[in-house]
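>>> no sequence on this one, just coordinates:
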């Protein structure tokens, strides 16, 4: 082994270990209210992957109870609640598209109108570019209705919890087949 071979190997090993983590976040049951949401094991916010998956779950409540969904999101954001502009953005995104958050669960595709399989599972992953700043990560989640993953930015706070910083989950995806006249 040459002089620079050991350096090259160490650099290669470092690159392979950064950004290759993923987690399947499984919800055995879905909460009915904010107390149930906060009681989920993932609500400890000890993992950035849990925070990202809980963001998807919080959006799933929006079509049925917008206030509850926003309360869940505020919980995930910690000391930085949603602004009025962010609330309006979310409201605009949900016009006739209640299926978008369901698309992130395993088994949810346009063919089955984005009905997830049980247990409710979301795979969250990072890539080599996931570290976006000191104590901040950009995580990725695949949608059954999109060709590229969507992102959730999370931030590690002084209390050791990972809080939602920003999300890019509400972009448009393929329509469910039941709503698509061309399918």
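Alright, I've got the coordinates. On a predicted model such as this, the values are computed, not experimentally measured, just so you know.
>>> what's the pLDDT at residue 36?
On pLDDT, residue 36 comes in at 98.
>>> what strand or helix carries it?
For residue 36, the host element (DSSP states H and E) is helix 34-39.
>>> which residues touch that helix?
Residues outside helix 34-39 that contact it (C-beta atoms under 8 Å, 6 or more residues apart in numbering): 31, 43, 54, 57, 58, 68, 71, 72, 75. Where C-beta positions appear, they are placed from N, C-alpha and C, glycine not excepted.
>>> repeat that with 6 Å
With contact meaning C-beta atoms under 6 Å, 6 or more residues apart in numbering, helix 34-39 is reached by 31, 71, 72.
>>> does anything pack onto the next helix or strand after it? Which helices or strands?
Next helix or strand after helix 34-39 toward the C-terminus (DSSP H and E): helix 48-60. The elements that helix 48-60 packs onto, with contact taken as 3 or more C-beta pairs under 6 Å, 6 or more residues apart in numbering; DSSP states H and E, are strand 22-27, helix 66-77, strand 120-125, strand 150-156, strand 162-167.
>>> so what's the residue nearest to the spatial centre of the chain closest to, chain neighbours aside?
Geometric centre of the chain, nearest residue: residue 52, 3.6 Å, by C-alpha atoms, centre = their mean. Nearest residue to residue 52 in three dimensions, chain neighbours excluded: residue 152, at 4.1 Å (C-beta to C-beta, 6 or more residues apart in numbering).
>>> beta-bridge partners for the one you found, please?
Residue 152 has these beta-bridge partners by DSSP bridges: residue 139, residue 167.
>>> hmm, residue 124 is touching residue 139, no?
Yes - shown here, residue 124 and residue 139 form a contact pair, counting by C-beta atoms under 6 Å, at 5.2 Å.
>>> anything in contact with each of those two?
Residues touching both residue 124 and residue 139 (C-beta under 6 Å, 6+ apart): residue 52.
>>> and of the helices and strands packed on helix 48-60, who's closest to residue 108?
Proximity to residue 108, assessed across the helices and strands packed on helix 48-60 by C-beta to C-beta, is greatest for strand 120-125 (9.7 Å).
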